[in-house]
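J.: mind looking at a prediction? Sequence and model below.
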Amino acid sequence: MTGQPVYGPVMVAMSGGVDSSVAAALLLEAGHEVVGVTLRLWGGESDSGCCAVSDVDDARRVADALGIDHHVFNLGDHFDSLVVGPYVADHAAGRTPNPCIECNRHVKFGRLLDRARALGFGLLATGHHARVVVRPDGTRRIARAADAAKDQSYVLHMLDQDQLASLLLPIGDLTKDEVRQRAADLGLRTADKPDSQDVCFITREHGREDFLRRSLTLTPGRVVDGSGAEVGSVAAVELVTVGQRRGMALAGGAAPRFAVDVDVAGATVTVGSIDDLMVDATPLEAFSWADGPVVGRVLVQTSAHGSCDPAVLDDGVVLWAEPRPRVAPGQSVVFYDGDQVLGGSIARRA
């Protein structure tokens, strides 16, 4: 936790997982006054994320074991309007959303941070695998975690100076194995709990299509090649992502074909070869910055655990150093300087 300010009580967002459990324990060891809070976000079925009833119970029991107060905040209305609603709307428009990022943006570091401050907490802590670093000029940035395989800096790219000044990330200097060992040493019930992997409001049993059918009329569509010739069909254009290879009923052909464009209004998916999927540039929108806009040479990451590729950022467009696969519209595009996050944006349709 080097470089972090030390003042006032700390509210710890406890998801019921091992990472936030150990985050709370480390803050206690460091001498902070700690209060745990678990968010009740999703009222429907959940078997794959961090919103199940059992997660609230796990968080409460960890708080009891640590001897700290624990509260549950119901932010379900905010979650529905700021995360679930836009998720559905993005699919309806042919975009590929990242609801976990929007939850961080609007709920955890929006509504929750506002509430923490209103209740007199100067600091909010989470169990994210990332670090907050203080630069020589006193500004702060999110930086990559010690455990590269678990790094979550990508999903925290939207945080600005005001938010970073109130944020503690206690486990950023630990590997996942070290986190689990700390939890085991403390006898915490979450020590061996599996990580949450999926969108909390999409169940493994029913899946994305079933969820969206409850809110959208999914549109059957045709699949065409680059010349406009019809080569197949899809059951729902809203479920197709740029770069997708499987799940499309295509006529025969030995070479793999990928979705290179999704036109929901025209109920059409265009497919092409791997060469057709490659681009030299990606247009962007909806920028957010850690400390002011950046242009010029950057490293760019386009998925939570993808590679970081060199590029030039100029006039709202990423110009790739080498051709790379298209980024699905709606996906976050995050900019780095070394291991530090400069900011991010969202890929848009060309």
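T.: Now that the structure is in, tell me what you want to look at. Residues are numbered from 1 along each chain as shown.

J.: what residue ranges in the protein score low on pLDDT?
T.: Counting by pLDDT under 70, the chain contains low-confidence residues at 1-8, 45-52, 253-254.

J.: what's the next secondary structure element after the lengthiest helix in it?
T.: Looking across the chain with DSSP state H, the single longest helix is helix 53-66. With elements assigned by DSSP states H and E, the helix or strand that comes after helix 53-66 is strand 69-74.

J.: and the next element down the chain from that following strand?
T.: Defined by DSSP H and E, the subsequent element after strand 69-74 is helix 76-79.

J.: can I get the very next helix or strand once past that next one as CSV, trimmed to CA atoms?
T.: The element immediately downstream of helix 76-79 (helix or strand, assigned by DSSP H and E) is helix 85-92. Only the C-alpha atoms of helix 85-92 are listed here, as CSV (Å, rounded to 0.1, in the frame of the first residue of the first chain):
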residue,chain,number,x,y,z
GLY,A,85,-30.4,-1.3,-18.9
PRO,A,86,-27.4,-0.1,-20.9
TYR,A,87,-26.3,-3.7,-21.4
VAL,A,88,-29.6,-4.6,-23.0
ALA,A,89,-29.6,-1.3,-25.1
ASP,A,90,-26.0,-2.0,-26.3
HIS,A,91,-27.0,-5.5,-27.6
ALA,A,92,-30.1,-4.0,-29.3
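
J.: so what does helix 85-92 touch, helix or strand wise?
T.: helix 99-103 (3 or more Cβ pairs under 8 Å, 6 or more residues apart in numbering; DSSP states H and E). From N, CA and C alone the C-beta is placed, and that goes for glycine too.

J.: coming back round to it: identify each buried residue in the longest helix of the chain, please.
T.: Buried residues in helix 53-66, counted by 16 or more other Cβ atoms under 10 Å: 55, 56, 58, 59, 60, 61, 62, 63, 65, 66.

J.: kindly report the same for stretch 302-316.
T.: Within stretch 302-316, the residues that qualify as buried by neighbour count (16+ other Cβ under 10 Å) are 302, 304, 308, 311, 313.

J.: ok, stretch 15-30 next?
T.: Residues 15-28 are the ones in stretch 15-30 that count as buried (16+ other Cβ under 10 Å).

J.: what about the nearest residue to residue 238 once chain neighbours are set aside, neighbour count?
T.: Closest residue to residue 238 apart from its sequence neighbours, by Cβ to Cβ, 6 or more residues apart in numbering: residue 91 at 4.7 Å. Residue 91 has 25 neighbouring residues, counting by other Cβ atoms under 10 Å.

J.: for the strand ranked longest in the chain, name the packing helices and strands.
T.: Counting residues, the longest strand in the chain under DSSP state E turns out to be strand 278-289. If contacts are counted by 3+ Cβ pairs under 8 Å, 6+ apart, strand 278-289 sits against strand 317-325, strand 340-347.

J.: residues in contact with that strand: which ones?
T.: Strand 278-289 is contacted by residues 105, 157-158, 160, 293, 302, 316-320, 323-327, 333, 342-350 when judged by Cβ atoms under 8 Å, 6 or more residues apart in numbering.

J.: any idea of the angle that strand forms with strand 340-347?
T.: 110 degrees (axes from the mean of the first three to the mean of the last three Cα atoms, to 10 degrees).

J.: and strand 278-289, how far from the chain's centre?
T.: Centre-to-centre, strand 278-289 and its host chain are 17 Å apart (Cα atoms, centre = their mean, to the nearest Å).

J.: pull up the pairing partners for it, direction included.
T.: Counting by DSSP bridges, the strands paired with strand 278-289 are strand 317-325 (antiparallel), strand 340-347 (antiparallel).

J.: return the residues in contact with the closest residue to residue 79 other than its chain neighbours.
T.: Spatially, and ignoring its direct neighbours in sequence, residue 79 is nearest to residue 41 (4.1 Å; Cβ to Cβ, 6+ apart). Listed by Cβ under 8 Å, 6+ apart, the contact partners of residue 41 are 51, 75, 76, 79, 83, 103, 107, 200.

J.: okay, now the domains of the protein?
T.: Taking automatic domain parsing as the domain assignment, the ranges for the chain are 10-185, 217-272, 277-347.

J.: which of the ones you listed sits closest to residue 191?
T.: domain 10-185 (3.7 Å; Cβ to Cβ).

J.: straight-line length of the closest one, end to end?
T.: Taking Cα to Cα, to the nearest Å, domain 10-185 runs 23 Å from one end to the other.

J.: tell me the phi and psi of the closest residue to residue 9 other than its chain neighbours?
T.: The shortest distance from residue 9 to any non-neighbouring residue, by Cβ to Cβ, 6+ apart, is to residue 33 (4.2 Å). Phi and psi for residue 33, reported as degrees, to the nearest 10, are phi -80, psi 120.
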